[in-house]
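> Sequence first, then the predicted structure:
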Amino acid sequence: MKPVERLFVLDPLPVDKGGHHQHFNAGAIRDAGRWCGEIQFLVARKRDGGLPPGPPFRDVFRHYLYKQLSTDPRNGPAEDFAKGSEAFRQDLAMQPDFAPTARDLVLLPSASLRTLGGFAKWRLDSKSPAPVAALFHHAVPFHLGFEPGSAGHAIARETATLLREGEKHGPILLASTNAVLAEKLARALEREMRVLPLPHWYDLDPVAAQPVVVPREPALSVVGFVGSLRKEKGGVQIPAIVRAGAGLPLRWIAQAHAPDPGLLEPLRSLERDGRIELIERELSDGEFLRLVRDLALIVLPYERTRYEARVSGPFAFAAAAGRPCVVPDGTWMAAQIEAGKAAGVVYRGDGAEPVAGAIELALGQLPALTQRAGEHAEIWLKTETGTALLEDIVKWVTNRY
């Protein structure tokens, strides 16, 4: 008998949304068969009225994970939690065949207080004995804080009360992908929060055979900005960084697919001047893996406030591929480098000059950084993976029997 009879994954986004949600779905489908008999995904309904997805996916939830349900400047978070958690409860209650037992497992792979509270309300109604695991990657909404007296703290306290009442029927594991968020939530919820491995698989798709960055003569170190071209990921800073590092012996590359408004044209201007090369087409997973490997150094000039308690997928893939990174201090990425889990240079200060200085420093010691990155990658590929994450959750389940 397998440790889990059925795995129910609750993730309120459409199955074709893409990004890390789709990535998790693919990894879970590949790995879950090792330890569960059946897997089902309860996802969000499509807004365009398109056909519902086929098994193992079922469109259930009316509200998307990141959609805020109130814009009230004072009571918005509280109203959002009240409306959203109640809708989540109702959506589950309308699924007569959603009746997980003590031999099943319910997983919220991208949990928020709203969805966790909604599930806790459903459990109080259904008295479901199923073990539940909820994994937090960041606060939703992103600006939600958990300091005493804040709206986030009040919502966390209400969620904690619902969870305690629901635990009369079945156990729950609360966890985060990073220690900073785990500590904040643990204080607000007044309960243990574990830190679990990252929900990333690095081998779901084969690495593209053809290089994404075509080699040139003379050979220069290829330095790149990867991932979505978004403001919080430093997209607005890239032109200034390129100008500040104009004298460095390198070749600039930037992934620029699906950019935030206003970020692409300044980069196109630099490209017309021959100062940067843009990748504007959408890359397959295999091509993204190849892009990471094609680069000698990856620059992630992220906003500190957003990434203090939030992980970075591009950084994780760089670490897995043995590529050093340049990152800002005070972020999760910097903590990985400072802890000796990945290699790179951490810069301090704001603006383009500190970033360009860190790139220059990294280029000066690139062979040593690359060697260390490769050594760290061997451990990263064993510990910071979706496979390790699921295995840890299953161990928690089996230890409770």
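Great, that's in hand. These figures come from a predicted structure and were not determined experimentally.
> So the nearest residue to I393 once chain neighbours are set aside, which state does it fall into?
Of all residues not flanking I393 in the chain, A133 sits nearest, at 4.8 Å (Cβ to Cβ, 6 or more residues apart in numbering). Every residue, glycine included, has its C-beta placed from N, CA and C. Counting by DSSP: H, G, I helix; E, B strand; the rest coil, the backbone at A133 sits in strand.
> Could you do H376 as well?
Using three-state DSSP, the structure places H376 in helix.
> got a pLDDT number for it?
At H376, the model reports a pLDDT of 98.
> How about the one 4 residues further on?
As summarised for this prediction, W380 has a pLDDT of 98.
> quick one: it and G274, what's the gap?
Counting by Cβ to Cβ, to the nearest Å, the gap from W380 to G274 is 36 Å.
> Of these two, which one has the most company?
W380 (24 against 7; other Cβ atoms under 10 Å).
> State the distance from the more buried one to A246.
According to Cβ to Cβ, W380 and A246 sit 33 Å apart.
> likewise I253?
Relative to A246, I253 is positioned 16 Å away (Cβ to Cβ).
> ok, those two, which is more surrounded?
Using other Cβ under 10 Å as the criterion, I253 and A246 rank with I253 on top: 22 against 9.
> quick one, what contacts D11?
H21, F24, N25, F41, L42, V43, A44, L65, L108, P109, S110 (Cβ atoms under 8 Å, 6 or more residues apart in numbering).
> Next, it: phi, psi?
Taking degrees, to the nearest 10, you get phi -140, psi 100 for the backbone angles of D11.
> per-residue confidence for it?
You'll see D11 listed with a pLDDT of 97.
> now the one 4 residues further on
According to the prediction, V15 has pLDDT 88.
> was I right about it contacting F41?
Yes. Applying Cβ atoms under 8 Å, one finds V15 in contact with F41, separated by 7.0 Å.
> joint contacts of these two?
N25, F57.
> what about those two, which has more around it?
Between V15 and F41, counting by other Cβ under 10 Å, F41 is the more crowded of the two (23 against 20).
> Am I right that the more buried one is in a strand?
Yes. Under three-state DSSP, F41 sits within a strand.
> Show me how far the host helix or strand of G152 is from its chain's centre.
Here G152 sits within helix 151-166, counting by DSSP states H and E. Relative to the chain's own centre, helix 151-166 is displaced by 24 Å; criterion: Cα atoms, centre = their mean, to the nearest Å.
> got the buried residues for that helix?
Of the residues in helix 151-166, those buried by neighbour count under the rule 16 or more other Cβ atoms under 10 Å are A151, G152, H153, A154, I155, A156, E158, T159, A160, L162, L163, G166.
> Repeat that for stretch 360-374.
Buried residues in stretch 360-374, defined by neighbour count with 16+ other Cβ under 10 Å: E360, A362, L363, L366, L369, T370, R372, A373.
> Test my guess that the first one contacts A246.
No. At 11.5 Å, E360 does not count as touching A246 under the criterion of Cβ under 8 Å.
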